[in-house]
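Undergrad: Here you go, sequence then predicted model.
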Amino acid sequence: LWLIGIGLAYAVTGTLNMADLAARLPDVYGNRALTAAVIFVFVGLAIKMALFPLHAWLPGAYAEAPSAVSTFLSATSTKVAIYTFLRFAFGIFGAALVFERMPITDIGLLLACLAMLIGSALACFQTDLKYLLAWSSVAQIGYIVAGFSLATSDGLTAAYLHIINHAVIKGALFAAAGILLLRFGSTRLSELAGLG
């Protein structure tokens, strides 16, 4: 989807160079093809960043993958999509178009709050450590999206900081889950009871 958005931006401006796009787009802010481009980019990258309710792929992918893959995925996959969205929103389309002319702020904050609440609630009911960590990641993506949806320097600072925090910490937690799986043969919480 986000590649369709890039194609629409090309159709409007005649270029794919990021600097040229950033320079030419303010002249066509009222163009409906550009509005569609922003929507396609946002929805496509929201799927890749696993923003609720477009998160269906994440719990299974993180929990069922081999431990080394889970560690790598949890540390990188959603964060790259978030960074890509931020580059498009602030570097190419411009904050005035994305956050002022379009309702991305309101939609982003709503979905972020839902992700925080539902992701955390579902994490509480998991019986497997890897699924618990995966659902927690859905909630953490919500925190990051809430930060950048504010479209303020403090919100962006918090979002970037949490991207780094989440990448390091969640990668380490999935690595620890892999070690537990290797040592005890399971990541089911009932079988890890009393481990501490």
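TA: Structure received. Numbering: from 1, shown residues only.
Undergrad: need the longest helix for the protein.
TA: For the chain, the helix with the greatest residue count under DSSP state H is helix 153-184.
Undergrad: Mind listing what's buried along it?
TA: Residues of helix 153-184 classed as buried: 156, 158-160, 162-163, 166-167, 170-171, 173-175, 177-178, 180-181 (neighbour count, 16 or more other CB atoms under 10 Å). Every residue, glycine included, has its C-beta placed from N, CA and C.
Undergrad: Quickly note the distance from the residue most central in space within the chain to V43.
TA: Geometric centre of the chain, nearest residue: M49, 2.7 Å, by CA atoms, centre = their mean. Per CB to CB, to the nearest Å, M49 is found 11 Å from V43.
Undergrad: Then G147?
TA: For G147, the distance to V43 - CB to CB - is 20 Å.
Undergrad: Those two - which one has more neighbours?
TA: Per other CB atoms under 10 Å, whichever of G147 and V43 has more neighbours is G147, with 23 against 15.
Undergrad: ok now do the more buried one, which residues does it touch?
TA: 155-159, 162 (CB atoms under 8 Å, 6 or more residues apart in numbering).
Undergrad: go on, I92?
TA: Counting by CB under 8 Å, 6+ apart, I92 touches 9, 18, 21-22, 25.
Undergrad: cool, H166 as well?
TA: Shown in contact with H166 (CB under 8 Å, 6+ apart): 79, 137, 140, 144.
Undergrad: Kindly report the same for M102.
TA: M102 makes contacts with 35, 38-39, as judged by CB under 8 Å, 6+ apart.
Undergrad: any idea where the helices of the chain begin and end?
TA: 2-13, 18-24, 32-48, 57-64, 67-86, 95, 104-124, 129-149, 153-184.
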